[in-house]
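Student: Fold the stuff below for me.
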Amino acid sequence: MSRRLVNVTLDNLVDLPRRCRHCVFWELDPVSRERAVEAGAPELEKEAWVSATLLEWGSCGKIVYVDDIPAGFVLYAPPLYVPRSAAFPTSPVSADAVLLMTAHILPEFAGGGLGRMLVQGVAKDLTRRGVKAIEAFGDLKTEEGGCMVPADYLLSVGFKTIRPHHRYPRLRLDLRSALSWREDVEVALERLLGSMTPEGALRPV
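Tutor: Modelled structure (predicted):
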């Protein structure tokens, strides 16, 4: 069984689950999102967001493949590129952090270490780019079909709560320690993200 992690591009965006390809929860503010849905063009808005973010900032997501089958993905970007982030009661995201927007593992691939692979891939990418931290809005009452990452999952992979809330706490994973271990980033990230739990904690798509 082969596993590989690749950056999200316009060419492989089609490998995201259909519901996620049409979801612009994070990419647009609430009003613009409603307009896009009413116009029947959310997938085009998603493509436009990925294109603009890739051009202006760089890699903004990872897809993990198992034997060439897309098994999960994660999206992330600076809060400036994520209009929805301003709508949360625990906003704003810290100026030195990148926002982990959403992450999914398909249920048939849960429990195989893919969640670990995705989070480590994001951490390594951002460490190389000099980013100090990853932040995320966790969900304490995860709903089926939602676009939020469960807070319990974030806590299990090393995030710490920095702004509590009864529903949407803001959590942070500090990458400064990884930056200080430049000679062996792999070992540094193993230490930083060593206490990971099964991917079943990620909500199935």
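Student: Going by C-alpha atoms from here, please, whenever you check contacts or count neighbours.
Tutor: Will do.
Student: residue ranges of the helices in the chain, please?
Tutor: 18-21, 30-39, 42-56, 114-128, 151-156, 176-179, 185-192 (DSSP state H).
Student: Make TSV out of those helices and add mean neighbour count and mean pLDDT.
Tutor: What follows is the helices of the chain, written out as TSV (neighbours: other CA atoms under 10 Å; pLDDT from 0 to 100):
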stretch	mean neighbour count	mean pLDDT
helix 18-21	15	90
helix 30-39	14	87
helix 42-56	16	95
helix 114-128	20	89
helix 151-156	20	86
helix 176-179	18	53
helix 185-192	16	55
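Student: Just give me the neighbour total for I69.
Tutor: Counted with other CA atoms under 10 Å, the neighbours of I69 add up to 12.
Student: mind checking how far it is from N7?
Tutor: When CA to CA, to the nearest Å is applied, the distance between I69 and N7 equals 15 Å.
Student: Tell me how many other residues surround L99.
Tutor: Using other CA under 10 Å, L99 has 24 other residues around it.
Student: Next, the contact list for it, please.
Tutor: Y76, A77, P78, P79, V93, I134, E135, A136 (CA atoms under 8 Å, 6 or more residues apart in numbering).
Student: As TSV, those residues with pLDDT would be great.
Tutor: TSV is the format used below for those (pLDDT from 0 to 100):
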residue	pLDDT
Y76	98
A77	97
P78	97
P79	95
V93	96
I134	95
E135	96
A136	96
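Student: ok so, going back, could the helices of the chain go into JSON lines alongside distance to L99?
Tutor: Putting the helices of the chain into JSON lines (distance: least, CA to CA, whole Å) gives the following:
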{"stretch": "helix 18-21", "distance to L99": "18"}
{"stretch": "helix 30-39", "distance to L99": "18"}
{"stretch": "helix 42-56", "distance to L99": "13"}
{"stretch": "helix 114-128", "distance to L99": "11"}
{"stretch": "helix 151-156", "distance to L99": "12"}
{"stretch": "helix 176-179", "distance to L99": "16"}
{"stretch": "helix 185-192", "distance to L99": "18"}
